[in-house]
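[1] no FASTA, just this:
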């Protein structure tokens, strides 16, 4: 019993040691700045959080979203790729990269990322809708309409509009 308590204490100290509370403080400040419209300030704070904790996947992902908002697509792509390399099971990271690819007219990349996101989160209606739009661009109406239907099933209102427009 004493060994179990000792092991539990050691493990809890390692977990506490690996999380930098200052990184989380910067992250929280970045969230507040982003919410108030100070996107460049949020990017600075996400950067500070990442410097404190280089494996802070959520900080990379949020910084990618902020960079995307100011038009830094290359920077956003680097950050979302870093997020995926740190945590390859984050479906939202694949959906974010799919959105970047879609806006860059990389429809094949969008389809691949949406598919990966759907594997990780089968109810990701954003990924179904975005993949459906990409299928429309590569003229695969059958798969597009199937994806719009799936997105509608999970609650997407924009997919309903897309289905009405493209699946006659």
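    Done, it's in. Just so it is clear, the structure is predicted and the values come from calculations on it, not from any experiment. Numbering: from 1, shown residues only.
[2] what residues does stretch 64-79 touch?
    Residues outside stretch 64-79 that contact it (CB atoms under 8 Å, 6 or more residues apart in numbering): 30, 34, 39-40, 42-43, 46, 60-61, 63, 80, 83, 96-97, 99-100, 103-104. Heads up, the C-betas are built off the backbone N, CA and C, glycines and all.
[3] got the buried residues for that stretch?
    64-68, 72, 75-77, 79 (16 or more other CB atoms under 10 Å).
[4] need the residues you listed in CSV with secondary structure, pLDDT and distance to residue 51, can you?
    Below are those laid out as CSV (DSSP: H, G, I helix; E, B strand; the rest coil; pLDDT from 0 to 100; distance: CB to CB, whole Å):
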residue, secondary structure, pLDDT, distance to residue 51
64, helix, 98, 16
65, helix, 97, 19
66, helix, 97, 16
67, helix, 98, 16
68, helix, 96, 21
72, coil, 97, 18
75, helix, 97, 16
76, helix, 98, 19
77, helix, 97, 20
79, helix, 98, 14
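[5] that older thread, now that we have the contacts of stretch 64-79, which of them are buried?
    The neighbour count (16+ other CB under 10 Å) marks 30, 34, 39, 42-43, 46, 60-61, 63, 80, 83, 96-97, 99-100 as buried among these.
[6] pick the one among these closest to residue 134.
    The closest of the buried ones among the contacts of stretch 64-79 to residue 134 turns out to be residue 99 (CB to CB; 10.7 Å).
[7] contacts only, for the closest one.
    Taking CB under 8 Å, 6+ apart, we find residue 99 in contact with 68, 110, 130.
[8] same question, residue 56
    23, 27, 49-50.
[9] what's the answer for residue 151, then?
    Counting by CB under 8 Å, 6+ apart, residue 151 makes contact with 125-126, 128-129, 132, 159.
[10] same check on residue 159?
    Residue 159 neighbours (CB under 8 Å, 6+ apart): 125, 128-129, 132, 147-149, 151-152.
[11] report the two of the contacts of residue 56 separated the most.
    For these, and using CB to CB, no pair is farther apart than 27 and 50, which are 9.1 Å apart.
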